[in-house]
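# just coords:
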């Protein structure tokens, strides 16, 4: 593990000189075990030394107001006082993710029979997925902790985000993906010119290799492995932004896609923090989870009334959600049950239909994960699990351009004609 | 031609009742011929009845201040008082384009030997190109002018923008493209489920068909044909945003890609307007133009010292710039010569190298048009035509995900390995 230091990753430093400098991570004070509550100092740790439970960042936040946040930049750094990042984070070159559109989706609401619906459209991020948020926070923390390389195992969106963020920051990236990844995701990672390795195996194989490397390469920050406690905090910004963009209030209910489950639990954490800080009114809200049927271990546990997640082998077109053994699954069950929400899953056919419905009604082209969320919203309404008279927010976590294959069989032109008005008239489309 | 009316496109109206209602296009007052100066009332006109010259929107702007603009939304509608749109434009459902990042590109500047460089990154728009700006303005004006369908001929980016904007607005779109368009651009247009016709022919054939249809289909607004004067004004927002994001001042010089040439002339117009309104200091700036060698009619005329553009048959990977007979070419020559800039062109190989340079140094993955602009910037510096000690802005007009084929042959992984640490060590990449 590297020596914590205040200078940037990549800047040469004398190790003896730097060894006593503590990382400056703003209002973050410690890492606390989610299971046993044991606390350790801020450092490159991700599992509790007492019980091996996952560590989470704790804070001592004072003096944050709506006005202090609104005076910040139009990206996630307006919430820097609530994140494990140094106070000058916005001044260090980064991709400036976040503050994406919250779209009032009246036509989609009408199609689904909802009274009020908003789409948080995270395809507007720099590499067009919510991963830019978590990578932005991981990079800022990793610099402070003295890491020199930004790394990850990934199936696509995270690979893009890590490679781009490292390029912008002027540091090395090391990205590992399964070798059968779609060519388009290979290209959009390789173009940033970092270290980029394809691995003959599935995502589980790649993930295991990354975990082994994280134990050996002491100055490599694998964002979703050895700096995961910091990385995961980035998803809180989705919750902060939704509340601020609604005029500093919480929605009645929210539907969130589940991969590892981290995004859902962090949005819930963000809402709780805003209540505690007095930035929003303390009122009940419901959190719903969305999975694809071909990878629905959390949905299955929810429906069976169980607390334990039974791992599955994923088989769905929603590859960015295809985590068969989701680390935060139990915490997702806690949040959903505590708030009175539910978890549902939809078939790949329903995912494609939902992508098309969102595109047709709101002009938003979502990746398959967005289709899962819209499809689950529909199913929750149809099955009476979600009250359509309450104000609802859904998350679109990524961009349709990255999962074109999913809609290619059905997104076709209306007609093909010769270049003449007569040919066009003959189509009956006039 | 439709009857001007204040109600929305698609809303049923009694024609007799609506016939005396004038369109409410904010501070816009008339359409004025660029050639003879003749003025006509605001309406669905695009060519001067006197001399057939192109019409341009004139305004009577009063009371616009930095503060009034800064109080507006974070999209192009903060400049609504300087556009031909109704005062309530921001409240009508639209894609909310604009206010994209202006990135301080220190690493790219260093690589090119520039003292200060900014990239205006328009890939952050809703459908990931600057076309969302012009389509947003065209849609708002078309509603006011009583049109019922939003249409266009296109080779890609415009097709995406029109289909998405119409879906969001709840009106019909009609998009025409060459049938040999890349499959990815077909899908990203078809998914919005408008009328979408592929035409057996090249872009010139499609454009001619669209012009004929514009003369026959009286309630169809072909954004880049019969409502072009309004549409083109949308590009001014690039100039306004650059000045505002620089802290209300103009850069020393700017490099802009040339397709029809409209974007370049409108950025120049925006700078002139800001000076006249007293929103920025009146100081000299230089405007440079960028073309691909395989479609460089404006660059050729500039270099030959001519005023007339000689049409060419395009042959370049920069398809979004491949207009062989650019309508605004002569006005581009005027602006560049008046301000002391220059026009250059680069080969397809230089375009690909420039895309990779921008990605590697700043984490921005540009489409081929962005590669043209970065490549031309380099060539202008190397040839001594652009002073590297002056502050420079360049435009990235679109997203690399839409032109993956251009970089596919060179954007490759570093290595492919078996899933083991030993296999990774053997690559020498540790």
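Arrived safely, thanks for sending. Computed from a predicted structure; not experimentally measured. Residues are numbered from 1 along each chain as shown, chains lettered A, B, ... in the order given.
# Contacts only, for residue A:192.
A:163-164, A:166-167, A:173, B:359-360, B:363, B:365 (C-beta atoms under 8 Å, 6 or more residues apart in numbering or on different chains). Where C-beta positions appear, they are placed from N, C-alpha and C, glycine not excepted.
# Neighbours of the closest residue in space to residue A:367 that isn't next to it in sequence, how many?
For residue A:367, ignoring the flanking residues on the chain, the nearest one in space by C-beta to C-beta, 6 or more residues apart in numbering or on different chains is residue A:398 at 3.8 Å. For residue A:398, the neighbour count with other C-beta atoms under 10 Å in any protein chain shown is 28.
# what's across from residue A:398 in the sheet?
Under DSSP bridges, the beta-bridge partners of residue A:398 are residue A:129.
# you'd agree it is up against residue A:366?
Yes. Counting by C-beta atoms under 8 Å, residue A:398 touches residue A:366, with 7.0 Å between them.
# Name the residues contacting each of those two.
residue A:123.
# Phi first, then psi, for the closest residue to residue A:253 other than its chain neighbours.
Among residues not flanking residue A:253 along the chain, residue A:286 sits closest, at 4.2 Å (C-beta to C-beta, 6+ apart). Dihedral pair for residue A:286: phi -110, psi 140, per degrees, to the nearest 10.
# could you measure residue A:286 against residue A:396, distance?
19 Å (C-beta to C-beta, to the nearest Å).
# So between the two, which is more surrounded?
Shown here are residue A:286 and residue A:396; by other C-beta under 10 Å, residue A:396 has more neighbours (30 against 21).
# Could I get the contacting residues of the more buried one?
A:119-123, A:358, A:364, A:366, A:369-370, A:373-374.
# Secondary structure element holding the residue lying closest to it once chain neighbours are set aside?
Leaving aside its sequence neighbours, residue A:396 sits nearest to residue A:370 (C-beta to C-beta, 6+ apart; 3.9 Å). Assigned by DSSP states H and E, residue A:370 falls within helix A:368-382.
# now the contacts of residue A:192 as JSON lines including distance to residue A:205?
Output for these, formatted as JSON lines (distance: C-beta to C-beta, whole Å):
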{"residue": "A:163", "distance to residue A:205": "20"}
{"residue": "A:164", "distance to residue A:205": "25"}
{"residue": "A:166", "distance to residue A:205": "23"}
{"residue": "A:167", "distance to residue A:205": "26"}
{"residue": "A:173", "distance to residue A:205": "20"}
{"residue": "B:359", "distance to residue A:205": "28"}
{"residue": "B:360", "distance to residue A:205": "29"}
{"residue": "B:363", "distance to residue A:205": "28"}
{"residue": "B:365", "distance to residue A:205": "28"}
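# How many residues are close by the residue of the stretch 251-400 of chain A found nearest chain B?
Residue of the stretch 251-400 of chain A nearest chain B, by C-beta to the nearest C-beta: residue A:363 (3.3 Å). Neighbours of residue A:363 under the rule other C-beta under 10 Å: 28.
# hang on, it packs against residue B:95?
Yes. Shown here, residue A:363 and residue B:95 form a contact pair, counting by C-beta under 8 Å, at 5.8 Å.
# Between the two, which contacts overlap?
Joint contacts of residue A:363 and residue B:95 (C-beta under 8 Å, 6+ apart) are B:126, B:164-165, B:168.
# In helices only, show me the residues you listed.
Using DSSP state H, the subset of the shared contacts of residue A:363 and residue B:95 located in helices is B:164-165, B:168.
# rewinding a little: identify the residues contacting the residue nearest to residue A:367.
Contacts of residue A:398 by C-beta under 8 Å, 6+ apart are A:122-123, A:128-130, A:157, A:320, A:366-367, A:369-370.
# Doesn't residue A:288 lie inside a helix?
No. Residue A:288 is assigned strand when assessed by DSSP: H, G, I helix; E, B strand; the rest coil, not a helix.
# give the contact list for it.
With C-beta under 8 Å, 6+ apart, residue A:288 has these contacts: A:253-256, A:336, A:341-344, A:376-377, A:380, A:385-386.
# Select only the buried ones of these in ChimeraX?
Selecting only the buried entries of the contacts of residue A:288 in ChimeraX, with 16 or more other C-beta atoms under 10 Å in any protein chain shown as the criterion:
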select /A:253,254,255,256,336,341,342,343,344,376,377,380,386
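# out of the contacts of residue A:288, who's nearest residue B:275?
residue A:254 (46.9 Å; C-beta to C-beta).
# Just give the number of residues close to residue A:230.
30.
# Would you agree it is in contact with residue A:84?
Yes. The pair residue A:230 and residue A:84 qualifies as a contact (C-beta under 8 Å) at a distance of 4.9 Å.
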